[in-house]
Structures are given as C-alpha cells and as structure tokens.
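> Give me coordinates for this.
(4 chains)
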Protein chains: 2
Amino acid sequence: MNYTVSEENYIKAIYHLQEESGTVSTNALAEKLSTKAASVTDMMKKLSAKKLLHYKPYYGFTLSAEGRKAALLIIRRHRLWEFFLSQKLGFEWEEVHSIAEELEHVSSKKLIDRLDEYLGFPPFDPHGDPIPDHKGKIVSRNHLPLLLLPKNKTGVVCHVTNQSAEMLELLKHKEIGIGTRLEVKKHFPFDHSLELKAKKQTITISEQLAKNIFVTYDETSK
Amino acid sequence: MNYTVSEENYIKAIYHLQEESGTVSTNALAEKLSTKAASVTDMMKKLSAKKLLHYKPYYGFTLSAEGRKAALLIIRRHRLWEFFLSQKLGFEWEEVHSIAEELEHVSSKKLIDRLDEYLGFPPFDPHGDPIPDHKGKIVSRNHLPLLLLPKNKTGVVCHVTNQSAEMLELLKHKEIGIGTRLEVKKHFPFDHSLELKAKKQTITISEQLAKNIFVTYDETSK
DNA sequence: GTAAATTTTTAGGTTTACCTAAATTTTAAA
DNA sequence: TTTAAAATTTAGGTAAACCTAAAAATTTAC
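Numbers count the residues shown, from 1 in each chain, chains lettered A, B, ... in the order given. Have a look, this model is predicted:
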C-alpha cells in the first residue's frame, strides 16, 4: 500500500500511457520516464510481483485493478497540489506541474483529504484534467462508449464490457482489441450500425457491439 | 546546492544537536536518526567532502557556514509547512511534525517563498519555534550572550566571537569549550565579573570574556 | 600510567534503482 | 518463409545509503 517514489512514477506513467494508447510497451515507458528499457524490465518484475500489473515478458503490460487505484490516488495528489499552487499561491499553469511532481509523493491520506476540503473539492485541475475523489474515482470526460464518439474523430479502444467468448470472437475477427485506433465514418440510422476505419480497412459493426466498446477520446487529436 | 533527502536529514539533525549541546558525536547523531554509527561515519565523509561540515575523524563535527545555511533553509521549509498544516488545514499541533518531515524535502525555493507570503510571513511555527527568513536568518530566542543568561539557569556554550589566540588560551585554561554546560551563580556589580559553575568546579570570568561567549539556553531545563 | 571500557572508524556486504552490452524474442520485409 | 530489423530481456556492473563485525583510537578508571 506504500510505494517508493520510483515505483509511484512508474505506476503513474503506465496509467497515462494506457489512457493514451491502450497498451504500454517497454520502450514507450522508458522514453516517458527518461530511462532505459532494461531498467523498465527490472521494475516491471518488481511491480508485477506486487500484483500492481499484469506482465507477460515480451507482451507489454497493463495495470491491475489495484495498480489502477494506486495510479489514481497519485494523480489525485498531483492534481490537488496543482490546483493549490495555482489558486492559492498564484503560480502560472505552466509552472505547477514540476512542483506537483515532487509534492505528489508525500503520501499522508489525511493531508490530501484535508487539502481537498480546504480547496472546496475542485473537480478539475488548472489544466482541465479531472481530479479523482478520495476513493480514486474519476469522472472521465474522455472515456466514452464508441457509440458516442463524434463522427470523423478517432478514439482508442481502452475497455470492453461484456467479456463473453462470443463477443471476443467477434472482436478478434474484426481485428479490434485494446489499443486499436478507430475512426467513426458513418452512422446508419436504420439499424444504428456504424462504419469505422480501423487500421487500413473499413469495417461495419452493430449497435449492440458498439455499446460494449469504450474508447479514449483525445480532444487535441484531429 | 541541492541535497538528497538523506543528506538533508543529516544536516538538519546535526544542526539541532549542535544547538542543544554545542558539539555533535557520531553516536548521538546515529541515535537521533535511528541509524548506526557506521552509517553516520559514511555520511560524514560525504558531507565533509561537500564542505558542509568540519570533520576530523574521532573528534566530532560541526556545520560549516554553508552547512548551517542549508540547515536553516530546511528548517524554514519544515516550519512553514507546519504552520500551513495547523492554520489552514486544521491539524492539531502534534500531527504536523511528521507530515512536515516529508514536505520539507520539496525544494523549490519559489514554492516556499510564495507559501511564506501566503501565510503572512509568520515568525513562529505552531510549536513556538522561530521560522528562518528566505535568506536563512533566524531570530534566536534561546541563543544569547552568557552575560544575559539569568542567574541559576544553565546554558551550553555554542559559539565564541573573537577567536584570538589570547582568548582561546584563557578559555582552555578555564576548561570552557563548545558544549560546556555553564550555570551563572553570581553577578558582581563592582566589575561585572561572573561566578559560574562549570563541570564540578566554580570559576570566575571577566565581563570582557563573558561578552564573547554565547550559550544555548533551554527554557525547559531547570 | 596502564588497563578496561567506550567511541569511532574501517572492511566487507546488502538492496534499490539505475546503467551498458550481449543475447533473445517478436515483428516486418523481401 | 526466411532473413533483417526492432523490441525486449538477461547478464553483469555501479552508486547511494544502509547494515554487521572487527579493528583502531580515545576516554575513563584504578
């Protein structure tokens, strides 16, 4: 339940990469943390032994439920401090990030909950990112069912509900998995089916399937 | 100018021990930091190489001017956070210390100076200890010339101004050094000389000498 | 003033989080 | 489908900050 500064930085980085692109590769993580791939592998073994992530050598990794919760509590601390620095101490929004990188590792839960209260339970940090609550719950603006993804916007598959074998078979057939980038090209009102661009192909999926696919939607992407 | 968390904890502990008793021994420091004497010796070599303290093997150590300044800036951070926790977040005064132990290692100078301003430049922390200013200056209530030490109170020699060979010879003869515990027994109005109890003997010193001796005065001692 | 007790330092090990270089495994290309 | 390229892991090593046990220096006690 208590992690080293280094472990926390890895957990947080994995969370962010996962949000951006579904899966996390060793090299991507090494790049994000300004370290080397070999160091990442070392840490993956450690975090995996602590059950914070699912790790199969050579096949990337994703946070476990426990790892995700840990990540959200670190992000909560980071964003609350950013809010404090900006609103109470008058820092510019570009300045707050690096200071919050240090403050986020101070781990007293009581401190953070009191700070949250003192700040009036702000829902967003100065960059507009949502602040997880004291249980690690986050309102995710940009994590939405594929059905609601605007036309001609791309989203990255981050979650599927209903993990039945039937549905997974269908997804596999259509070559859709966690991390697949999808772009909605057309909505057909008749049966609410969708036409998508995935990789280099154009595919069609039913409303029923689309309801079960959640994507991360990056507002800054075209 | 930037130190590791471990270095900072050593610097701070040395400062406090020096204030309390003039000199700092390896064992006392090990005890204060809940570590072992051998680890202290390791760190002393490191801090000594960085010119933060004067270190002669087997003869204890004292902070250099630079080390003292570093200590005061760490103490400043600690006490400002204590004040913040107590005044703004409503923590009880017994709770603030351990959280401030973590916050004090966040080193942004701008953060601390802004926090100081936000808190209204408080002169004392919740325990009544003075808060050093942004340059590391501290108003020392309990660091005073021997001349001003109340009768029948004990003080510990912590500093001597005028380091002339003549004065040091006299101090040596009277067996007074940094760390010597002194108790003022009498003031003689005629020549302002003082009669002191030092170790087990009673000695007399001139006003001129007394003016140059500074002691740490612990209000809680008898 | 010497012996015993205490304090401090040295010597040699451990763990964490890094590193480089070499060996594997997977992926992409011809 | 075999080979080349890229990604990942393993092997072996480093520095910081600890540790224990033994050696050396200092202090205290007789």
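> what is the rounded mean pLDDT of stretch A:105-112?
Across stretch A:105-112, the average pLDDT comes to 96.
> contact partners of that stretch?
A:2, A:5, A:8, A:76-77, A:80, A:134, B:85, B:89, B:95, B:99, B:102-103, B:106 (C-beta atoms under 8 Å, 6 or more residues apart in numbering or on different chains). For every residue, glycine as well, the C-beta is placed using N, CA and C.
> And whichever helix in chain A runs longest, how far out from the chain middle?
For chain A, the helix with the greatest residue count under DSSP state H is helix A:65-87. Computed by C-alpha atoms, centre = their mean, to the nearest Å, the chain-centroid distance of helix A:65-87 equals 13 Å.
> same for it, what does it pack against?
Using 3 or more C-beta pairs under 8 Å, 6 or more residues apart in numbering or on different chains; DSSP states H and E, the elements in contact with helix A:65-87 are helix A:5-21, helix A:93-103, helix A:109-118.
> Quick one: mean pLDDT for it?
In the prediction, helix A:65-87 has an average pLDDT of 96.
> Can you check what angle separates it from helix B:109-118?
Angle between the axes of helix A:65-87 and helix B:109-118 is 60 degrees (criterion: axes from the mean of the first three to the mean of the last three C-alpha atoms, to 10 degrees).
> pretty sure A:Phe91 is in a strand, no?
No. Assessed with DSSP: H, G, I helix; E, B strand; the rest coil, A:Phe91 is coil; it does not lie in a strand.
> Skip the chain neighbours and tell me the closest residue to it.
A:Leu85 (4.4 Å; C-beta to C-beta, 6 or more residues apart in numbering or on different chains).
> Tell me the spatial nearest neighbour of A:Leu147, not counting adjacent residues.
That would be A:Ala210: by C-beta to C-beta, 6+ apart, it lies 4.8 Å from A:Leu147.
> circling back: export the helices and strands packed on helix A:65-87 to a markdown table and tack on mean neighbour count and distance to B:Lys185?
Shown next, in a markdown table, are the helices and strands packed on helix A:65-87 (neighbours: other C-beta atoms under 10 Å in any protein chain shown; distance: least, C-beta to C-beta, whole Å):
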| stretch | mean neighbour count | distance to B:Lys185 |
| --- | --- | --- |
| helix A:5-21 | 19 | 54 |
| helix A:93-103 | 17 | 52 |
| helix A:109-118 | 16 | 49 |
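> Closest to DNA strand D out of the contacts of stretch A:105-112?
A:Val5 (12.4 Å; C-beta to the nearest atom of the strand).
> for the residue lying closest to the closest one once chain neighbours are set aside, helix, strand, or coil?
Using C-beta to C-beta, 6+ apart and skipping residues adjacent in sequence, the residue nearest A:Val5 is A:His105, 4.9 Å away. Classification of A:His105 using three-state DSSP returns coil.
> Please apply the same query to A:Ile138.
coil.
> For burial, what's the neighbour tally of it?
A:Ile138: 17 surrounding residues under other C-beta atoms under 10 Å in any protein chain shown.
> Retrieve the pLDDT associated with it.
At A:Ile138, pLDDT is 87.
> Show the contacting residues for it.
Neighbours of A:Ile138 in contact, by C-beta under 8 Å, 6+ apart: A:72, A:75, A:130-132.
> just A:Glu19 next, same as before
A:143, A:158, A:216.
> Point out where chain A drops to low pLDDT.
A:128, A:140-142, A:161-165, A:218-222 (pLDDT under 70).
> Tell me the residues on it that lie near DNA strand C, please.
Within chain A, the residues that sit near DNA strand C (C-beta under 7 Å from any atom of the strand) are A:4-7, A:9, A:34-36, A:38-39, A:42-43, A:46, A:58.
> among these, which are within reach of DNA strand D?
Restricting these to those near DNA strand D by C-beta under 7 Å from any atom of the strand leaves A:38, A:42, A:58.
> Of those - the most surrounded one?
Going by other C-beta under 10 Å, A:Asp42 tops these with 12 neighbours.
> Surely A:Leu17 is in contact with A:Lys32?
Yes. With contact defined as C-beta atoms under 8 Å, A:Leu17 reaches A:Lys32; the gap is 6.3 Å.
> Give the residue farthest from the middle of chain A.
Most distant from the centre of chain A: A:Phe190, at 33.8 Å, with distances by C-alpha atoms, centre = their mean.
> Write out the residues of chain A neighbouring DNA strand D.
A:25-28, A:37-38, A:40-42, A:44-45, A:55, A:57-58, A:60.
> Identify, from those, the entry nearest to B:Ala198.
When these are ranked by distance to B:Ala198 (C-beta to C-beta), A:Asp42 comes first, at 58.5 Å.
> Report all helices and strands that the host helix or strand of the closest one contacts.
Element membership for A:Asp42 (DSSP states H and E) is helix A:37-49. If you count contacts as 3+ C-beta pairs under 8 Å, 6+ apart, helix A:37-49 packs onto helix A:5-21, helix A:26-32, strand A:53-55.
> Return the set of buried residues in it.
Using 16 or more other C-beta atoms under 10 Å in any protein chain shown as the test for burial, helix A:37-49 gives A:40, A:43-44, A:47-48.
> How much space separates A:Thr202 from A:His192?
Using C-beta to C-beta, to the nearest Å, A:Thr202 is found at 18 Å from A:His192.
> Doesn't A:Asn152 lie inside a helix?
No. Assigned with three-state DSSP, A:Asn152 falls outside any helix and is coil.
> Contact partners for it?
A:183-185 are the contacts of A:Asn152 under C-beta under 8 Å, 6+ apart.
> run the last query once more with 7 Å
A:183-184 (C-beta atoms under 7 Å, 6 or more residues apart in numbering or on different chains).
> Let me see the backbone angles for it.
Phi and psi for A:Asn152, reported as degrees, to the nearest 10, are phi 70, psi 10.
> quick one: it from DNA strand D, how far?
29 Å (C-beta to the nearest atom of the strand, to the nearest Å).
> Kindly report the same for A:Met167.
27 Å.
> Counting neighbours, what do you get for that residue?
16.
> Repeat that for the one 5 residues further on.
Using other C-beta under 10 Å as the criterion, A:Lys172 is surrounded by 10 other residues.
> so which strand or helix has it?
Here A:Lys172 is assigned to helix A:165-173, by DSSP H and E.
> Same question for A:Thr202.
Using DSSP H and E, A:Thr202 falls in strand A:201-205.
> What is the next helix-or-strand element following that strand packed up against?
As assigned by DSSP H and E, the chain's next helix or strand after strand A:201-205 is helix A:207-211. Helix A:207-211 sits against no helix or strand, with contacts defined as 3 or more C-beta pairs under 7 Å, 6 or more residues apart in numbering or on different chains; DSSP states H and E.
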